[in-house]
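# what's the 3D shape of this:
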Amino acid sequence: MKYFVEESSVVREIWGKADSILFIFAGASAEFALNKAVDWLYFTGRLPADPLGRLFSTVAYARQIVFSEYNAALTAIDKITAIHQGVEQQRGAQIPDWAYRDVLFMLIDYSIRSFELLERKLTESEKGEVFQTFLQVGSRMKISGLPESFDAWKIMRAQHLRDDLLKGDFTLDLYKQYKKHLGIFRYYMLIQVQVLVVPHRVNRLLSLGKIPWLLPIIGGYKLTRLMGFEKLIRNAILPVDYKAQVIALDEV
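Numbers count the residues shown, from 1 in each chain. Here you go, the predicted model:
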């Protein structure tokens, strides 16, 4: 059977662990809030009404593609494209290609950053596998202007961070919604994960802070894996509405 991502690929290792996915989610939630095209996510009203669910669905779609048989993955990508086309028809405008690229770039970057924070450093070849996976997604979606290599992606990613981010009213409102839906304790846990995982410019625009007090806790958390307690600790701090979905992410 042909899979969209080879069974031996590090991409499956990254996206087969709930911990990595939660950190990817945390990084994306920060950058989504700053993206100049975030008004598109507000257009339907779904993002402010359920920001965790909306962002989680983006991550869940990506994971479904990673573990799907090739044709099933293409079907999932086509469904994503159709959903976005429907929103464009409702609004009478087109989502700019740079906004699509930005989301792909986030998934590439935070896949790498999260795994390296929680597990180990990736080789350049492994980073290239992550890039190629999401390049295939973007190509299927017919997104224009995609980079042809991982080195070209790094240049474009830096340009995106410089040119496509803005702290505005949508940013402030989205963080209010995060706090409302997560509660104070989980909200500040989210902020701390973001401090650890987001690029410097994202941190600076959001004023997240420079002291990651969660870092030594991460070290202790890794130690609990040896004793088999890590899932008990992680699951205890998850929002009730999403606990079952997160636990299922460990099932490959």
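
# so where's the stretch 51-200 of the chain shaky on pLDDT?
In the predicted model, the stretch 51-200 of the chain carries pLDDT under 70 at residues 55.

# Just give the closest residue to residue 27, not the sequence neighbours.
In space, and not counting its chain neighbours, residue 27 is closest to residue 110: 3.9 Å by C-beta to C-beta, 6 or more residues apart in numbering. Glycine gets a C-beta too; all of them are placed from N, C-alpha and C.

# Quick check: the gap between the one you found and residue 26.
With the distance defined as C-beta to C-beta, to the nearest Å, residue 110 ends up 8 Å from residue 26.

# what touches both of these two?
Here residue 110 and residue 26 have residue 197 as joint contacts, going by C-beta atoms under 8 Å, 6 or more residues apart in numbering.

# Look at the two and report which has more neighbours.
A side-by-side neighbour count of residue 110 and residue 26, using other C-beta atoms under 10 Å, places residue 110 first with 26 against 22.

# Secondary structure element holding that one?
Per DSSP states H and E, residue 110 falls inside helix 97-118.

# Name the residues of that helix that are buried.
By neighbour count on 16 or more other C-beta atoms under 10 Å, the buried set for helix 97-118 is 98-115, 117-118.

# what ranges do the helices span in the stretch 51-200 of the chain?
For the stretch 51-200 of the chain, applying DSSP state H, counting those that start in this stretch gives helices covering 51-66, 70-91, 97-118, 124-140, 150-163, 169-182, 184-197, 200-206.

# Flag every buried residue along the fourth one.
By that I understand helix 124-140. Here helix 124-140 shows 126-131, 133-138, 140 as buried, counting by 16+ other C-beta under 10 Å.

# Nearest to residue 146, out of these: which one, please.
residue 138 (4.9 Å; C-beta to C-beta).

# residues in contact with that closest one?
By C-beta under 8 Å, 6+ apart, the contact set of residue 138 is 100, 101, 104, 146.

# For the buried residues of helix 124-140, give me CSV that also has distance to residue 190.
Below are the buried residues of helix 124-140 laid out as CSV (distance: C-beta to C-beta, whole Å):
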residue, distance to residue 190
126, 27
127, 26
128, 30
129, 28
130, 23
131, 26
133, 26
134, 24
135, 29
136, 30
137, 26
138, 27
140, 31
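
# Tell me how far stretch 99-111 lies from the chain's centre.
7 Å (C-alpha atoms, centre = their mean, to the nearest Å).

# and the helix or strand hosting residue 24, what does it pack onto?
Secondary structure from DSSP H and E places residue 24 in helix 18-34. Helices and strands touching helix 18-34, by 3 or more C-beta pairs under 8 Å, 6 or more residues apart in numbering; DSSP states H and E, are helix 51-66, helix 97-118, helix 169-182, helix 184-197, helix 200-206, helix 230-236, helix 240-248.

# helices or strands up against the second one?
With contacts defined as 3+ C-beta pairs under 8 Å, 6+ apart, the secondary structure elements packing on helix 97-118 are helix 10-15, helix 18-34, helix 124-140, helix 150-163, helix 184-197, helix 215-227.

# Please repeat the previous calculation with a cut-off of 10 Å.
helix 10-15, helix 18-34, helix 51-66, helix 70-91, helix 124-140, helix 150-163, helix 184-197, helix 215-227 (3 or more C-beta pairs under 10 Å, 6 or more residues apart in numbering; DSSP states H and E).

# Residue 141 touches residue 80, doesn't it?
Yes: in this structure, residue 141 is within contact of residue 80 by C-beta atoms under 10 Å, at 7.0 Å.

# Looks like residue 106 contacts residue 27 (just checking).
Yes: with contact defined as C-beta under 10 Å, residue 106 reaches residue 27; the gap is 7.1 Å.

# Please name the nearest non-neighbouring residue to residue 88.
Nearest residue to residue 88, sequence neighbours excluded (C-beta to C-beta, 6+ apart): residue 94, at 5.3 Å.
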